[in-house]
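Asks: The following block contains a protein sequence and its predicted model.
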Amino acid sequence: MPVALFKFVQFRLALSGDATCIPDEKLRSGLRSALQSPPIAPGTCLSMVISPVSTARHAIRLRKREGGMAYDRWELVDTISSRTEAFMSTGESPLWQWPGRDLRQFDKREPHTNLLRLIDRSDTTQAPSDRFYVKRVVAASAHPDPQISGKTGADVPVSMRRVVYQKPKIGFLSSEDWPKAVTEARTKGWGYYQRDLLEQACGARWNLSLAQFETGRSTSDRITFKVEAGDRGFYVSPDTFDPQKREWLSHYDAKGQLLWQVFVPRVTSEHRSCSGHFKLARATHEEIVFDRNCYASGDDEGFQQVEELFIKKKDIAAQLGRPNLN
């Protein structure tokens, strides 16, 4: 899209239908796909406004070698104070400008990307935009495995069932539904998408970090966990939830504080077509559900048989001596 060399272009995320939206057919396919995926809210377009002046708070400039400088350098500059916030020296060729040139070709260390990453707004209390969710990470307060952390307790009752779901357009059955998660966040304050806990009040996409626990002596015995957002927090279980073993389930709040842990006893499946490990799938008002796919020659086209292992929240509450979990 032609722009005069003496003018500036401002890109922003806007609500689809905005007069400044770039038509989808003028966007590269990868960019169109990105605008429809997390962390971008559904119904978002890329807006473009041309201006004779720049409204950007920060700028990245190439400063030619002068004085005691040994090399040219890329600088991250605060345009209001004219202060250089950070810089990267470069010995690459001078900046040559022509249409279609990729900025990354000017310096293999990608100075534009790396310098911009230094701009940190993680301490802001205001949501940066209603068109996307900022990723933020909280560390788990305690080890998620009660057996390793030294906790013991009675087994919580579990049940099994076999259900049939309609398959998604691509791939196997999945609980992934980004538009639904965003709608939940906007209407109820919280939304859930895989490991992401959406908090509408601050526009955050919280993730629970278990890095301090995911270590082992070697790659073969490294501890890994399955994390699923739910109930204004995170559910954590073993990455491979084996129904033939006595496993466990832990729950953390949005700030990473451990709320409770329970043990899940071994169960026996009556369906030979259902095999493999269960995955933590979802939490409803009454249940916490694990599932795995089943494969049968008699499956109807467009449908998927699934075996679910589910735990009643009232049974967990009873084991913990609480009136309820929610």
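Replies: Thanks, I have the structure now.
Asks: residue ranges for the helices of the stretch 101-250 of the chain, please.
Replies: All helices of the stretch 101-250 of the chain, identified by DSSP state H, counting those that start in this stretch, fall at 111-116, 178-188.
Asks: can you pull the pLDDT of Ala204?
Replies: For Ala204, the pLDDT comes out at 92.
Asks: Quick one: neighbours of the closest residue to it other than its chain neighbours, just the number.
Replies: Distance criterion C-beta to C-beta, 6 or more residues apart in numbering; nearest residue to Ala204, sequence neighbours excluded, is Arg136 at 4.8 Å. For the C-beta atoms, the positions are set from N, CA and C on the backbone; glycine is no exception. Arg136 has 15 neighbours, counted by other C-beta atoms under 10 Å.
Asks: From Ala56, how far off is Arg136?
Replies: Here the criterion is C-beta to C-beta, to the nearest Å. By it, Arg136 lies 24 Å from Ala56.
Asks: Also Arg161?
Replies: Arg161 is 56 Å from Ala56, by C-beta to C-beta.
Asks: now swap in Gly30 and tell me
Replies: From Gly30 over to Ala56 the distance is 24 Å, taken as C-beta to C-beta.
Asks: again with Asn324
Replies: Using C-beta to C-beta, Asn324 is found at 50 Å from Ala56.
Asks: same deal with Gln10?
Replies: Gln10 sits 8 Å away from Ala56, going by C-beta to C-beta.
Asks: for Phe290, same thing?
Replies: In terms of C-beta to C-beta, Phe290 sits 48 Å off from Ala56.
Asks: Same question for Ile22.
Replies: For Ile22, the distance to Ala56 - C-beta to C-beta - is 19 Å.
Asks: what is Phe225 paired to in the beta sheet?
Replies: Beta bridges link Phe225 to Pro238, judged by DSSP bridges.
Asks: List the residues that contact it.
Replies: If you count contacts by C-beta atoms under 8 Å, 6 or more residues apart in numbering, Phe225 has them with 144, 210, 213-214, 236-239.
Asks: Any chance of a PyMOL selection covering the buried ones in those residues?
Replies: With 16 or more other C-beta atoms under 10 Å as the criterion, this PyMOL line picks the buried residues out of the contacts of Phe225:
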select buried, resi 144+210+213+236+237+238
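Asks: Nearest to Thr90 among the contacts of Phe225?
Replies: Proximity of these to Thr90 (C-beta to C-beta) peaks at Glu214, which lies at 36.6 Å.
Asks: now what about stretch 249-259, what contacts it?
Replies: Identification of contacts with stretch 249-259 by C-beta under 8 Å, 6+ apart yields 138-142, 144-146, 156, 197, 199, 206, 208-209, 231-237, 260-262, 264, 280, 288, 311, 325.
Asks: would you list every one of the strands in the stretch 201-326 of the chain?
Replies: Remark: strands assigned in the stretch 201-326 of the chain by DSSP state E, counting those that start in this stretch are 204-209, 225-230, 233-238, 247-253, 258-264, 279-283, 287-293, 303-312.
Asks: Including distance to Ala34, could those go into TSV?
Replies: Listed next are the strands of the stretch 201-326 of the chain as TSV, based on distance: least, C-beta to C-beta, whole Å:
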stretch	distance to Ala34
strand 204-209	15
strand 225-230	22
strand 233-238	26
strand 247-253	30
strand 258-264	35
strand 279-283	26
strand 287-293	29
strand 303-312	28
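Asks: For Leu118, find the nearest of these.
Replies: strand 204-209 (20.2 Å).
Asks: Run the angle between the closest one and strand 233-238 for me.
Replies: 30 degrees (axes from the mean of the first three to the mean of the last three C-alpha atoms, to 10 degrees).
Asks: Return the set of buried residues in strand 204-209.
Replies: 204-208.
Asks: in the stretch 51-200 of the chain, which segments are predicted with low confidence?
Replies: Low-confidence segments of the stretch 51-200 of the chain, defined by pLDDT under 70: 92-108, 121-127, 167-176.
Asks: ok, now with 50
Replies: Screening the stretch 51-200 of the chain residue by residue with the criterion pLDDT under 50, one finds the ranges 104, 169-175.
Asks: Going along the chain, name the strands of it.
Replies: Under the criterion DSSP E, counting those that start in this stretch, the stretch 51-200 of the chain contains strands at 58-63, 72-78, 84-90, 134-139, 159-166, 190-193, 196-199.
Asks: Give me the contacts around stretch 145-164.
Replies: Taking C-beta under 8 Å, 6+ apart as the rule, stretch 145-164 contacts 142-143, 213, 223, 238, 246, 248-250, 261-265, 267, 269-271, 274, 294, 300, 303-312, 315-316, 319.
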